[in-house]
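Asker: Here is my input; please provide its structure:
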Amino acid sequence: MAVSGTEKPSEGPVLRIVRERPWILLILARVLDLGGGTFTATEIAESLGVRSYIVQRALWWLKKYGFVEEVAGTVPRKYRLKSVEDPRVSDIRQFRWICGNTVVLMISDLYVVLINRGDDIVARVIPKELVENVQKVLQSVGDKRDINELSKALNLAPPVIATALRVLDTLFCKRAKQ
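Answerer: Next up, the predicted model:
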C-alpha cells in the first residue's frame, strides 16, 4: 500500500483526525462510550446537546476514516462502531477531562480542546509542553491570569495562552472568574 504525501507512515487514523478535523473527536468519544450496538445521529446529538446536522457530518467523516459503518436498510439511518487498530483510541477513552461545555483530550503529546457551543464545536490543538510552560509561569507569578502579561513572558500569541489556560481550567475543573 502506497502512503500518500499527507499521511505519515507511523500516523494512525486518530492522529490524522487530530491534524485534519479535530472537532469530530467529540462525536468519536461519545460513539466510543456507547461501545457496541447501533445508534442514530439524533441519539448522539441529544446526548451531547449539539445540532443533529453536526453529528451527521461527523459520522460521515468517521465513516471515511473507518471508525463507523452504516447499518444497511435502516430508517432512520443507523451506525455501528467498527474495530480500528490504533493504540490512540485508548487515549480518547482514558485521557479525557470534562468541565462545563469543554472537553479536553490528551492524545500522544497533544491536548485537544473541544468546546461544545450547541450549534458549533470549536476545536483547538496545543502541545502538552506549551501547557506545562504556561502552568510553570502561572505558578511563578502567583496565578495572575493576565493573558497579555503571560503572552509577553512566554513570547506566545494571546490565543495560544487562552487555549492553554482553558486546558488547565478543564484539567482542574476551575471556571475562570469573569
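
Asker: now Ile27: how far from Glu129?
Answerer: Distance from Ile27 to Glu129, counting by Cβ to Cβ, to the nearest Å: 28 Å. The C-beta positions use only the backbone N, C-alpha and C, and glycine is treated the same way.

Asker: So between those two, which is more surrounded?
Answerer: A count of neighbours by other Cβ atoms under 10 Å puts Ile27 above the other of Ile27 and Glu129, at 26 against 10.

Asker: The more buried one is in what secondary structure piece?
Answerer: helix 25-34 (DSSP states H and E).

Asker: Now that helix: buried residues?
Answerer: Neighbour-count burial for helix 25-34 flags 25-32 (criterion: 16 or more other Cβ atoms under 10 Å).

Asker: Now the element after it, going C-ward?
Answerer: Once the chain leaves helix 25-34, the next helix or strand it forms, by DSSP H and E, is strand 38-40.

Asker: Show me what that following strand is in contact with.
Answerer: 31, 71, 74, 76-80 (Cβ atoms under 8 Å, 6 or more residues apart in numbering).

Asker: just checking, next helix/strand downstream of the lowest-mean-pLDDT helix or strand in the chain?
Answerer: Ranked by mean pLDDT, DSSP states H and E, the weakest helix or strand in the chain is helix 147-154, scoring a mean of 86. Reading on from helix 147-154 to the C-terminus, the next helix or strand found by DSSP H and E is helix 158-171.

Asker: what is the mean pLDDT for that next one?
Answerer: Helix 158-171 comes out with an average pLDDT of 93.

Asker: and the angle for it with helix 147-154?
Answerer: Relative orientation of helix 158-171 versus helix 147-154 (axes from the mean of the first three to the mean of the last three Cα atoms, to 10 degrees): 100 degrees.

Asker: elements contacting helix 158-171?
Answerer: Applying 3 or more Cβ pairs under 8 Å, 6 or more residues apart in numbering; DSSP states H and E, we find helix 158-171 packed against strand 96-99, strand 102-107, strand 110-116, strand 121-127, helix 128-140, helix 147-154.

Asker: quick check: angle from it to strand 110-116?
Answerer: For helix 158-171 against strand 110-116, the angle between stretch directions is 80 degrees (the same axes, to 10 degrees).

Asker: Pull out the buried positions in helix 158-171.
Answerer: Within helix 158-171, the residues scored as buried using 16+ other Cβ under 10 Å are 160-170.
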